[in-house]
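Novice: here's my sequence, what's the structure:
(2 chains)
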Amino acid sequence: SQKIEQNSEALNIQEGKTATLTCNYTNYSPAYLQWYRQDPGRGPVFLLLIRENEKEKRKERLKVTFDTTLKQSLFHITASQPADSATYLCALDSPAAYDKVIFGPGTSLSVIP
Amino acid sequence: DAGVIQSPRHEVTEMGQEVTLRCKPISGHDYLFWYRQTMMRGLELLIYFNNNVPIDDSGMPEDRFSAKMPNASFSTLKIQPSEPRDSAVYFCASSLGTGVTNEKLFFGSGTQLSVL
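Specialist: Got it, this is the predicted structure:
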């Protein structure tokens, strides 16, 4: 069955550095991949979507790459700030259906001042 | 638009009681999703609807769980009877699907359910 994995440990980085989060998947080829941010006590908030035929997407300080050969997406936050501290989730369409959205376990990011 | 609205925000109940969670999606959105989030299992998809029709309920844990969408602006998730292991945060999300891929999901604030 399909499996989605993200950085297994929480990520702590210094303010101003680039944070890089990974999302790996197995056993299928998703049509798209999304990244969400979740703050404590809140629902996830959409950040970026990248399709299988796109290599890279940018939005302000955020950059997402999608390597369908490696079955991996990288999510970068440049010039990180303490306000970027949150849990980041990747989401993919399920092999069962393009419109069935399933999530990875998430990575907790802490940006230290 | 006010976004996806869920109620109640918190629910505390005793084992064996019926629990009903409610969701109002964003107007005009075709899709509605119910997820459950726990520390151990993360964000699990329970069921999703397209144009008020249930498409996939394979994530519903067991027959104690049921979901309905009687119209485009309202959905319920019911647990009867509830058990302590049902304790979790339940999220509702809606999206404007393209029919080929699903665009971004908009989540509600969730219902924190505690079954004692």
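Novice: quick check: residues of chain A near chain B?
Specialist: A:31-32, A:34, A:36, A:42-46, A:49, A:51, A:89, A:91, A:93, A:96-106 (CB under 8 Å from any CB of the partner chain). Any C-beta I mention is one placed from the backbone N, CA and C, and that applies to glycine too.
Novice: who are the packing partners of the helix or strand bottoming out on mean pLDDT in chain A?
Specialist: The helix or strand of chain A with the lowest confidence, counting by mean pLDDT, DSSP states H and E, is strand A:97-103 at a mean of 84. Using 3 or more CB pairs under 8 Å, 6 or more residues apart in numbering or on different chains; DSSP states H and E, the elements in contact with strand A:97-103 are strand A:86-94, strand B:31-38, strand B:42-50, strand B:53-56.
Novice: which among those is found nearest to residue B:94?
Specialist: Residue B:94 lies closest to strand B:31-38 among these, at 5.1 Å (CB to CB).
Novice: buried stuff in the closest one?
Specialist: Using 16 or more other CB atoms under 10 Å in any protein chain shown as the test for burial, strand B:31-38 gives B:31, B:32, B:33, B:34, B:35, B:36, B:37.
Novice: ok, the first one - contacts?
Specialist: The neighbourhood of residue B:31, defined by CB atoms under 8 Å, 6 or more residues apart in numbering or on different chains, consists of A:99, B:48, B:49, B:50, B:94, B:95, B:96, B:97, B:102.
Novice: now do 7 Å
Specialist: Residue B:31 makes contact with A:99, B:48, B:49, B:50, B:94, B:95, B:97, B:102, according to CB atoms under 7 Å, 6 or more residues apart in numbering or on different chains.
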